[in-house]
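Chemist: 3D, please:
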Amino acid sequence: MGKQKKARKYATMKRMLSLRDQRLKEKDRLKPKKKEKKDPSALKEREVPQHPSCLFFQYNTQLGPPYHILVDTNFINFSIKAKLDLVQSMMDCLYAKCIPCITDCVMAEIEKLGQKYRVALRIAKDPRFERLPCTHKGTYADDCLVQRVTQHKCYIVATVDRDLKRRIRKIPGVPIMYISNHRYNIERMPDDYGAPRF
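Modeler: A predicted model of the protein is given here:
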């Protein structure tokens with residue numbers, strides 16, 4: 001009979017005294033925190049999120065022709081695959097003048113994709129596209145687009161990314177443009193946006 005191996009205990013630590021332990025000297029001991037009594041007569045402050053003034057329930061009054069459309073990286077790539085001209089197809093979808101907007105983050109993402117996506121980069125550098133400068137750190141385009149749309153509700157977001165679509169659906173009054181059946185479609189866009197107001 002050989003000697004039985006004793007199993008090693010992982011992540012074991014030496015037992016330490018608590019700072020509130022009675023065995024410690026008075027000066028080394030942690031002093032108990034005193035709870036501050038709240039004044040019942042004091043006014044309670046609540047943080048209420050400010051609702052944008054441009055929304056009339058779900059109806060966004062800031063949206064109107066010419067439409068400013070925030071374009072995502074994969075939207076350009078899928079448009080090339082579907083052989084769609086971005087500006088012309090947007091106009092066919094919305095029956096109005098459209099200004100595609102590209103943020104610095106989206107531009108950086110396309111540049112990072114390399115030589116394979118050089119056509120997308122050439123399309124993104126089109127003079128008809130409006131460049132929007134980014135002030136935040138990092139180049140994660142999804143966060144950038146969501147943040148921009150939350151602050152300024154004058155944009156339509158063009159994307160085919162499911163996660164980004166899900167995030168934008170939670171923001172009221174922001175339509176989403178996507179590609180299906182080799183054409184652009186719009187989601188959450190009321191019928192009378194383009195109609196003249198009397």
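
Chemist: for this protein, what helix or strand is lowest in average pLDDT?
Modeler: When the helices and strands of the chain are scored by mean pLDDT, DSSP states H and E, strand 55-56 comes last with a mean of 78.

Chemist: Quick check: neighbours of whatever helix or strand comes next after it in the sheet, parallel or antiparallel?
Modeler: Helices and strands here follow DSSP states H and E; after strand 55-56, the next one along the chain is strand 59-60. Strand 59-60 has the following strand partners under DSSP bridges: strand 55-56 (antiparallel).

Chemist: give me the low-pLDDT residue ranges for this protein?
Modeler: The chain contains residues with pLDDT under 70 at 1-2, 8-13, 42-44, 48-49, 190-198.

Chemist: What ranges does it have for its helices?
Modeler: For the chain, the helices defined by DSSP state H occupy 73-81, 86-94, 104-113, 118-124, 141-151, 162-169.

Chemist: quick one: the least confident helix or strand of the chain to chain centroid distance?
Modeler: Strand 55-56 sits 21 Å away from the centroid of its parent chain (C-alpha atoms, centre = their mean, to the nearest Å).

Chemist: do stretch 100-108 as well
Modeler: Counting by C-alpha atoms, centre = their mean, stretch 100-108 comes out at 14 Å from the chain centroid.

Chemist: same check, this time on stretch 63-83
Modeler: For stretch 63-83, the distance to the chain centre is 17 Å (C-alpha atoms, centre = their mean).

Chemist: List the buried residues in it.
Modeler: 63, 67-79 (16 or more other C-beta atoms under 10 Å). Just so you know, the C-beta spots here come from the backbone N, C-alpha and C atoms, and that holds for glycine as well.

Chemist: and which of these is nearest residue 132?
Modeler: Nearest to residue 132 among the buried residues of stretch 63-83 is residue 70, at 7.9 Å by C-beta to C-beta.

Chemist: Contacts only, for the closest one.
Modeler: 101, 103, 132, 145, 148-149, 155-158 (C-beta atoms under 8 Å, 6 or more residues apart in numbering).

Chemist: So what pairs up with it in the strands?
Modeler: residue 101, residue 157.

Chemist: Distance-wise, check it relative to residue 141.
Modeler: Distance check for residue 70 against residue 141: by C-beta to C-beta, to the nearest Å, it reads 10 Å.

Chemist: so what sits against both of the two?
Modeler: Joint contacts of residue 70 and residue 141 (C-beta under 8 Å, 6+ apart) are residue 103.

Chemist: possible to save the buried residues of stretch 63-83 as CSV with distance to residue 176?
Modeler: Formatted as CSV, those follow (distance: C-beta to C-beta, whole Å):
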residue, distance to residue 176
63, 12
67, 13
68, 14
69, 10
70, 10
71, 12
72, 10
73, 15
74, 13
75, 10
76, 16
77, 17
78, 14
79, 15
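
Chemist: which one of the residues you listed sits closest to residue 171?
Modeler: Nearest member of the buried residues of stretch 63-83 to residue 171, counting by C-beta to C-beta, is residue 70, at 12.3 Å.
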